[in-house]
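S.K.: sharing a model prediction with you, sequence too.
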Amino acid sequence: MADLHKFANPNRFVRIARAVLPWSNIVTALLLISGLYLALFNSPADYQHGQSVRIMYVHVPSAWMSMSIYSFLFVASLVALIWRHPLAHLAARAAAPIGAGFTLVTLVTGSLWGKPGWGTWWVWDARLTSVLVLFFLYLGHIALTHAHDNPERGAKAAAILAIVGFVNVPIIKYSVDWWNTLHQGASVIRADGPSIDGSMLTPLLLMSLAFTTYFVSVLLIRIQSEINARKIQALQLSQAAG
Amino acid sequence: MTNQTTRNGTFAPMLALLGRDLRLSLASGGDSAMVVVFFVLAAILFPFGVGPESAVLTRIGSGVIWVTALLAVLLSVERLFLADYEDGSLELLALTPLPMEFLVLAKVAAHWLTTGLPLLVATPILGLLYHLPPAAFGPMILALMLGTPTLSLVGAIGSALTLGSRRGGVLLSLLVLPLYVPVLIFGTAVVDAAISGSGETAKTPIMILAALLLASLALAPWATAAAVRQALE
Amino acid sequence: MSGFEGRDLTCIRGGRLVFEGVNFAASPGQALLLRGPNGVGKSSLLRLMVGFLVPAAGTINWDGTPISSDRDAHGARSVYIGHLDALKLSLTGAQNLSFWARINGHGKDHVLAALERFGILHLADIPAQLMSAGQRKRLNLARLIAVPSPLWLMDEPVTSLDAEGSELIEDIMAVHLDAGGIVIAATHQDLLGNRATELRLTPVIGSEYGDLA
Amino acid sequence: MEALITYLEMDGYAVYIWPSYGIVALVLIGLAVWSVAGLRATKRQLDLLQPAVEARRRARHAASTGDGEKIAEESSQ
């Protein structure tokens, strides 16, 4: 490239991404297969929750993912704003939909797990409610990135929101817990998971690792398409400038 | 010809901005009156939905008052920077010797005086409509006094972030409402504690509301100033 | 080196390279006119000078120190005249101007002098709503005097001004230069004759990739 | 066959377990497919745009070589 800009050389990133992607796909597949095998076939039913404990093997890992991706969003936004690194903006923009996806999965599987336990589809359990609020933080971030005509503006605004949001997550968590204990109706038993013994821990960890490598794979794909989209925009702009 | 800006403290410029904003909002036919009317009207709708039984109304009273107050602040905070952004004043405000963070504080103060304060004045009326016991009026006013500035501060972040965006209003509420959850929880808790019994239990939520206010006094100006700066790029 | 200078400036907006390797220098008493066809980045360069935009590369210095080190000090020493008039329509001419004076830490003593200098003293108590576009432009330009600052940064200062207004603003600029001030304007008109040096921006060829080459 | 059915029933929890894994599959696969499709679409558009810009640049470059303009090297992807 004649006048490649040295500030953010995405080609180096694209080369790395292309190298890493096949491996992370393979690892994800292996982890998923082994995880699912253990989760669905080779682990005992829980004495208290019965077979429905198998939902936990997807519910808990996706909850962990929804929170860790939001932290990823926070770190990417910090890097983007402090060091003005355009790739970090794209990483945040690529990660947000994945995080929202995992949060949605957490909510749906949480409700499906709650139904046999308490007989209702939705329980205002402290953790589930916090995840519900987190879901709207994700939607806010995604909406803000696309709300401005100039994608650069949207990225910066969303980065600031991610930082403000991240600072608020513990506050929201604390206030929802406080609110939950305050209104602790007799009927709602605490939704803590079953005591996790060895045979259940391994599928849980395998599934969590599988989800993490899945996140890495999809993130690398999405960042590459964000880079292409920005190149297309730059091409069109220079075409417009004649 | 050096620039003789005597940096006579940060308050004169802040007061100048505060004074201008107050004069503007009074001149433009008191948009604070509209905010109060929305507040009372929205709160009046609930009895049509849930029925007039006073036991029910008392039970949901503080929650309804807080949610409608929160929505009233949200609706009015959208225009906080919009007018200045559209007529080019925001650029010039960023060029004053005073850091943007202080100007944001002045604007939020002006916003609170024109919306938060009128809401406080209108709250007793709703208290009567919802048959809240007299013991609840004091804590309700105190909770709103601590809560509404926080709502204005956090709302300012949202309004700066949505400057120049296409769907301002709806986007603003999507960004800001999740951040309002803690203020709503502890705000209503103050009144519930006052209604249900010993005033003692009301102390904790009041302290937390005050903590939330101090935290947003620290975080919001930085975030809003950063959002305004990137909106001016 | 006292004065205002920029070295090897590169500006990227919206992923597109606007210009690169641009240098400028203006010492006290000098005027600099930014020339070039539309879309070449005159306004972007001006916004770099004001500090709204941060250059992707290169630095802008005032008396040797980068302006990014103390944005508020740079804000205090400069006056920016943009495309928009930055006036509140419900406030009168004097109220608008004295607001800008007080918020920049000045008293109101220059306000009436500024209105008079721009020939709009009679608009002191008239709400900006009732003023014509030319009068509003003069009220906006009156900030140059109401908020005394050494560095004047102007984007198309003479648009919507009649001939008499353009002459007036040229005289005021000349007085400012004589007093050791600096004037930088992005404009198509010829201003200040030989007292102004020109910086011609040319469209950047073949640089279709911005920060994400 | 019998064992399969009893297994699938999951002691009566089937109606909760399989939809859970269904939503997981739906979201994960959906996200992956949507991302890959997005990447392909942008690549295709980029390949379309690339030559057009190249041609235009060479034309402008050829026209302006007269006045010693900085020769932009041929961009090699």
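M.R.: Alright, I've got the coordinates.

S.K.: now do the phi/psi pair for the residue of chain B found nearest chain C.
M.R.: Chain C sits closest to B:G88 of chain B, with a gap of 2.8 Å, by C-beta to the nearest C-beta. (Each C-beta comes from the backbone N, C-alpha and C, glycine too.) Main-chain dihedrals, B:G88, degrees, to the nearest 10: phi 90, psi 0.

S.K.: could you report the neighbour count for the closest residue to it other than its chain neighbours?
M.R.: Setting aside the residues directly before and after it, B:G88 is nearest to C:L84 in space (C-beta to C-beta, 6 or more residues apart in numbering or on different chains), at 2.8 Å. Residues near C:L84, counting by other C-beta atoms under 10 Å in any protein chain shown, number 17.

S.K.: repeat for C:F24
M.R.: The tally of other residues near C:F24 (other C-beta under 10 Å) stands at 18.

S.K.: please report how far the residue nearest to B:G88 lies from chain A.
M.R.: From C:L84 over to chain A the distance is 18 Å, taken as C-beta to the nearest C-beta, to the nearest Å.

S.K.: re earlier: so who does the residue of chain B closest to chain C touch?
M.R.: C:G82, C:H83, C:L84, C:D85, C:A86 (C-beta atoms under 8 Å, 6 or more residues apart in numbering or on different chains).

S.K.: is it correct that the third one is in contact with B:D84?
M.R.: Read it as C:L84. No - C:L84 lies out of contact with B:D84 (C-beta atoms under 8 Å); the separation is 10.3 Å.

S.K.: in chain A, where is pLDDT below threshold?
M.R.: A:1-8, A:184-197, A:241-242 (pLDDT under 70).

S.K.: chain B now?
M.R.: In chain B, residues with pLDDT under 70: B:1-10, B:29-30, B:197-200.

S.K.: residues contacting B:L18?
M.R.: For B:L18, counting by C-beta under 8 Å, 6+ apart, the contacting residues are B:A106, B:K107, B:A109, B:A110.

S.K.: between these, which is nearest A:S71?
M.R.: Minimum distance to A:S71 across the contacts of B:L18 is 31.9 Å, recorded for B:K107 (C-beta to C-beta).

S.K.: who's in contact with the host helix or strand of that closest one?
M.R.: When elements are assigned from DSSP states H and E, B:K107 belongs to helix B:100-111. With contact meaning C-beta under 8 Å, 6+ apart, helix B:100-111 is reached by B:10, B:13-15, B:17-18, B:21-22, B:25, B:76-77, B:80-81, B:93-94, B:96, B:149, B:152-153, B:155-156, B:160, B:217, B:220-222, B:224-225, B:228-229.

S.K.: do you have the helices of chain C handy? List them.
M.R.: C:42-50, C:71-77, C:93-103, C:109-117, C:133-141, C:143-146, C:163-178 (DSSP state H).

S.K.: ok, which of those comes nearest chain D?
M.R.: helix C:42-50 (19.9 Å).

S.K.: how about the closest one, does it reach chain A?
M.R.: No - with C-beta under 8 Å from any C-beta of the partner chain as the criterion, chain A is not reached by helix C:42-50; the gap is at least 12.5 Å.

S.K.: contacts for that helix?
M.R.: B:95, B:233, C:4, C:6, C:9, C:11, C:13, C:18-19, C:22, C:24, C:34-36, C:53-55, C:60, C:78, C:80, C:153-155, C:184, C:186, C:201.

S.K.: my guess is C:R143 contacts C:I103, does it?
M.R.: No - taking contacts as C-beta under 8 Å, C:R143 lies outside contact range of C:I103: 10.9 Å.

S.K.: secondary structure element for A:A210?
M.R.: Assigned by DSSP H and E, A:A210 falls in helix A:198-240.

S.K.: so which elements touch that helix?
M.R.: helix A:10-36, helix A:56-82, helix A:86-118, helix A:151-182, strand C:16-26, helix D:14-64 (3 or more C-beta pairs under 8 Å, 6 or more residues apart in numbering or on different chains; DSSP states H and E).

S.K.: okay, these in TSV with distance to chain B next?
M.R.: Formatted as TSV, those follow (distance: least, C-beta to the nearest C-beta, whole Å):
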stretch	distance to chain B
helix A:10-36	21
helix A:56-82	7
helix A:86-118	11
helix A:151-182	4
strand C:16-26	12
helix D:14-64	21
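
S.K.: out of those, deepest packed?
M.R.: Mean neighbour count (mean count of other C-beta atoms under 10 Å in any protein chain shown) peaks for helix A:86-118 among those, with a mean of 23.

S.K.: helix A:151-182 and that one, what's the angle between them?
M.R.: 30 degrees (axes from the mean of the first three to the mean of the last three C-alpha atoms, to 10 degrees).

S.K.: what is the subsequent helix or strand relative to helix A:86-118?
M.R.: helix A:126-145.

S.K.: what is that next one packed up against?
M.R.: Packing partners of helix A:126-145 (3+ C-beta pairs under 8 Å, 6+ apart): helix A:56-82, helix A:86-118, helix A:151-182, helix B:168-196.

S.K.: looking at these, which is closest to A:S225?
M.R.: So among the helices and strands packed on helix A:126-145, helix A:86-118 is nearest, using C-beta to C-beta, at 8.0 Å.

S.K.: sorry, back to before: and the residue nearest to B:G88, what does it touch?
M.R.: Counting by C-beta under 8 Å, 6+ apart, C:L84 has contacts B:D87, B:G88, B:E91.

S.K.: I'd assumed C:Y80 was in contact with the last one.
M.R.: Pointing back at B:E91 there. Yes - because the distance of 6.7 Å satisfies C-beta under 8 Å, B:E91 is recorded as touching C:Y80.
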